[in-house]
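*Asks:* Model the structure of this input:
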Amino acid sequence: MYYNAKVKVATDGPKGDVKWVTESYLVEAESVTHAEAQVHKDFAQDSVDFEVVSISTSKVVKVIG
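*Replies:* Predicted coordinates for the structure are as follows:
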């Protein structure tokens, strides 16, 4: 099953300030909890501040290619 994860990511703004950008990710997982865990695992490799805003069931049936 696929889930849409919306994640707020901290980026450096043009004036040196922190700007939060919301990004969407398609996650293949067994449940919402599993999808959130996968997002945390993926972002743990990066040194960025992030927050999982929401996770919802995707209408995507299959990823081809």
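
*Asks:* what pLDDT does residue 38 get?
*Replies:* According to the prediction, residue 38 has pLDDT 97.

*Asks:* Check the gap between it and residue 27 for me.
*Replies:* Going from residue 38 to residue 27 by C-beta to C-beta, to the nearest Å gives 5 Å. Every C-beta, even on glycine, is put in place using the N, C-alpha and C of the backbone.

*Asks:* Identify all contacting residues around stretch 31-42.
*Replies:* If you take C-beta atoms under 8 Å, 6 or more residues apart in numbering as the criterion, stretch 31-42 is touched by 3, 5, 7, 25, 27, 29, 52, 55.

*Asks:* out of these, what pair is the most spread apart?
*Replies:* 7 and 29 (14.3 Å; C-beta to C-beta).

*Asks:* Between the two, point out the one with more neighbours.
*Replies:* residue 7 (21 against 17; other C-beta atoms under 10 Å).

*Asks:* Go ahead and list the helix or strand containing the more buried one.
*Replies:* strand 2-12 (DSSP states H and E).

*Asks:* what does stretch 9-21 contact?
*Replies:* Around stretch 9-21, the neighbours that count as contacts under C-beta under 8 Å, 6+ apart are 8, 22-23, 48-50.

*Asks:* Looking at those residues, which gets the smallest pLDDT?
*Replies:* residue 48 (88).

*Asks:* So which residues of this protein form helices?
*Replies:* Ranges of helices in the chain, per DSSP state H, are 32-44.

*Asks:* re earlier: run the angle between the strand holding residue 7 and helix 32-44 for me.
*Replies:* Between strand 2-12 and helix 32-44, the angle comes out at 30 degrees (axes from the mean of the first three to the mean of the last three C-alpha atoms, to 10 degrees).

*Asks:* For strand 2-12, list the C-alpha coordinates in PDB.
*Replies:* Extracted C-alpha coordinates of strand 2-12, given in PDB (Å, rounded to 0.1, in the frame of the first residue of the first chain):
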ATOM      1  CA  TYR A   2       1.200   3.500  -0.700                       C
ATOM      2  CA  TYR A   3       0.900   6.600   1.600                       C
ATOM      3  CA  ASN A   4       1.400  10.300   1.000                       C
ATOM      4  CA  ALA A   5       3.600  11.800   3.700                       C
ATOM      5  CA  LYS A   6       3.700  15.600   4.100                       C
ATOM      6  CA  VAL A   7       6.900  16.700   5.800                       C
ATOM      7  CA  LYS A   8       8.000  20.100   6.900                       C
ATOM      8  CA  VAL A   9      11.700  20.500   6.300                       C
ATOM      9  CA  ALA A  10      14.000  23.300   7.600                       C
ATOM     10  CA  THR A  11      16.100  25.000   4.900                       C
ATOM     11  CA  ASP A  12      18.400  28.000   5.000                       C
END
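
*Asks:* Fine, thanks again, bye for now.
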